[in-house]
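A.B. asks: mind looking at a prediction? Sequence and model below.
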Amino acid sequence: MYSTLKKHFGYDAFRPLQQDIIERVLEKEDCLVLMPTGGGKSLCFQLPTLLQEGLTIVISPLISLMKDQVDALTANGISAAFINSSLTQVEIGEIMTDVQSGAIKILYIAPERLSVPQFESLLHTLPISLFAIDEAHCISEWGHDFRPDYRNLSKLRATFPDIPIIALTATATQKVREDIVKQLNLPAPNIFTSSFNRENLSYEVLPKKDSFNTILSLIDLHPQESVIIYCFSRKDTESIASKLNAQGHNAGTYHAGLSADKRRENQDRFIRDEIHIMVATIAFGMGIDKPDVRLVVHHSLPKSIEGYYQETGRAGRDGLPARCVLLFSVADKYKQDYFISMIRDAEEKQQAQNNLDQTLQYGNLSSCRRKFLLGYFNEDYTETNCGNCDRCIAFEPLVPAKMAAKKSPSKSTRSTVSTGDYDTELFEILRQVRTSEAQRLKVPPYIVFGDKSLRDMAQNKPKTDTAFLEINGVGDKKLKKFGTIFMDKIKEYESGKSVSRN
């Protein structure tokens, strides 16, 4: 188990609960896994797939998520593919030929694919060892992101009674957890609930007054780093993005008013670091595997605490520090009141009102924000001071953004001195190598290496294969594929340093 973890994923140790879950999956037992974003859910079905015979079918709700995960698996030397509406019938036929020959170990599909009779018949001919249902909260109408297509999955157990199921989600209240188990007909699943505490995320609420200047000041703290700004309306989205671009920033938009092609194009550009700021409605984000988002700003009141937690969870998936800021104004309540008044169903209306009341409570808190968020998910947080929210510690006051000073989007204002733990100048050089390799391979930069790996390289400066394998996230395939180019750059940097010292 550990040698496979290192060989394919480049990690030396499991995160909390991962090993227990993998052992249950290998015992052919059903599992429900509740683990926060960035907690390592995917590994819980990907790694056991490599340790057993047969094929794993992963049901996933979004095209972008499937592509991301297949790219990452392929980069790690694991044979994976996806089938969804972005492919032609010829391409789907070729993939199914590979699946039938045993050349593919992990196949991602959209939930609606299961309702195609020919496809279901074909599944019966395959040696399936596991069904993994990602974003499992989508099956519950009590969840914040219900997808009717996910209801198809309720027949899986009856159709394939002997194949174990693992359902995974990053957010689910008790009611949603019970509904997932009921809808999937899991008689006695192992339920794993990881702590929902994301210690690397800071939580903060700022007044919405002069919100654009506040946003500029926050972005100034994260030059050339990935930022998501969530807005209530398409109009706000376009307005903020336009003003950011006028200031020399590199911002794109994502909302339901754009064509599907334009949304996909903007999302791809964000994932590939071609734009650094995504200004979006809540339509954006589920299935974004981008690990290096350093700032998530909510320009408006979120609709629910569950949705807010999911959206802030897109920050810092790599475990490095990230900031979550809500710009709070009670005036935003009145916009939501109007939409709630339009709801006809009494139960649905009451639920929407309860959700709004909870977000107002969060905005007005005088006690620890982390404790409140974890309490929402029935997790008892006993620390008296979390040390990473604005109710427990004083954050540095924001320096007002100088709107007149136009920025150059191509020039990073990061310091190029060693921060003590890693050499930031070398880190920037390695980032450029990563970008050019990603462009050459036509994949997002984090598929090559995450920021965590680059920081590790900039700290330890590996110059041999053995030392390079010690880097977080480096397995056999990545050593073979990228070791030489990154180590050469490190050696070149080191020799340049020694020349300048002499």
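C.D. replies: Received the coordinates, thanks.
A.B. asks: gap between L34 and S194?
C.D. replies: 7 Å (Cβ to Cβ, to the nearest Å). To be clear about C-beta, it is placed using only N, CA and C from the backbone, and glycine gets the same treatment.
A.B. asks: higher neighbour count, the two?
C.D. replies: Set L34 next to S194 and count neighbours by other Cβ atoms under 10 Å: L34 wins out with 24 against 19.
A.B. asks: isn't that one up against T193?
C.D. replies: Yes: using Cβ atoms under 8 Å, L34 makes contact with T193 at a distance of 4.6 Å.
A.B. asks: top helix in the protein by residue count?
C.D. replies: What stands out as the longest helix in the chain, according to DSSP state H, is helix 476-501.
A.B. asks: helices and strands around it, which ones?
C.D. replies: Applying 3 or more Cβ pairs under 8 Å, 6 or more residues apart in numbering; DSSP states H and E, we find helix 476-501 packed against helix 63-75, helix 424-441, helix 465-469.
A.B. asks: residue ranges with poor pLDDT in this protein?
C.D. replies: Along the chain, the parts satisfying pLDDT under 70 run over 143-144, 283-288, 401-420, 500-502.
A.B. asks: so where do the strands sit in it?
C.D. replies: Along the chain, counting by DSSP state E, strands occupy 31-34, 55-59, 80-83, 106-109, 128-133, 165-169, 190-193, 201-207, 226-230, 251-254, 277-280, 293-298, 322-328.
A.B. asks: adding distance to V499, write the ones you listed out as CSV.
C.D. replies: CSV is the format used below for the strands of the chain (distance: least, Cβ to Cβ, whole Å):
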stretch, distance to V499
strand 31-34, 52
strand 55-59, 51
strand 80-83, 45
strand 106-109, 48
strand 128-133, 52
strand 165-169, 51
strand 190-193, 54
strand 201-207, 41
strand 226-230, 35
strand 251-254, 40
strand 277-280, 38
strand 293-298, 34
strand 322-328, 37
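A.B. asks: closest to R391 out of those strands?
C.D. replies: Ranking the strands of the chain by proximity to R391 (Cβ to Cβ) places strand 201-207 first, at 8.5 Å.
A.B. asks: so who does the most centrally placed residue in the chain touch?
C.D. replies: The centroid of the chain falls nearest to D289 when counting by Cα atoms, centre = their mean (3.7 Å). Counting by Cβ atoms under 8 Å, 6 or more residues apart in numbering, D289 makes contact with L65, D68, Q69, A72, R317, Y446.
A.B. asks: tabulate those (a markdown table), appending neighbour count and distance to T281.
C.D. replies: Shown next, in a markdown table, are the contacts of D289 (neighbours: other Cβ atoms under 10 Å; distance: Cβ to Cβ, whole Å):
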| residue | neighbour count | distance to T281 |
| --- | --- | --- |
| L65 | 20 | 18 |
| D68 | 24 | 21 |
| Q69 | 21 | 24 |
| A72 | 19 | 27 |
| R317 | 23 | 21 |
| Y446 | 28 | 24 |
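A.B. asks: now the residues you listed as CSV including distance to S329?
C.D. replies: Putting the contacts of D289 into CSV (distance: Cβ to Cβ, whole Å) gives the following:
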residue, distance to S329
L65, 33
D68, 35
Q69, 38
A72, 39
R317, 29
Y446, 34
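A.B. asks: from those residues, pick the one nearest D179.
C.D. replies: Checking the contacts of D289 against D179 with Cβ to Cβ, the nearest one is L65 at 21.9 Å.
A.B. asks: isn't the closest one up against D134?
C.D. replies: Yes: counting by Cβ under 8 Å, L65 does reach D134; the two are 7.3 Å apart.
A.B. asks: can you show me the helices along the stretch 1-150 of the chain?
C.D. replies: For the stretch 1-150 of the chain, the helices defined by DSSP state H, counting those that start in this stretch cover 2-4, 18-26, 43-51, 63-75, 89-101, 117-123.
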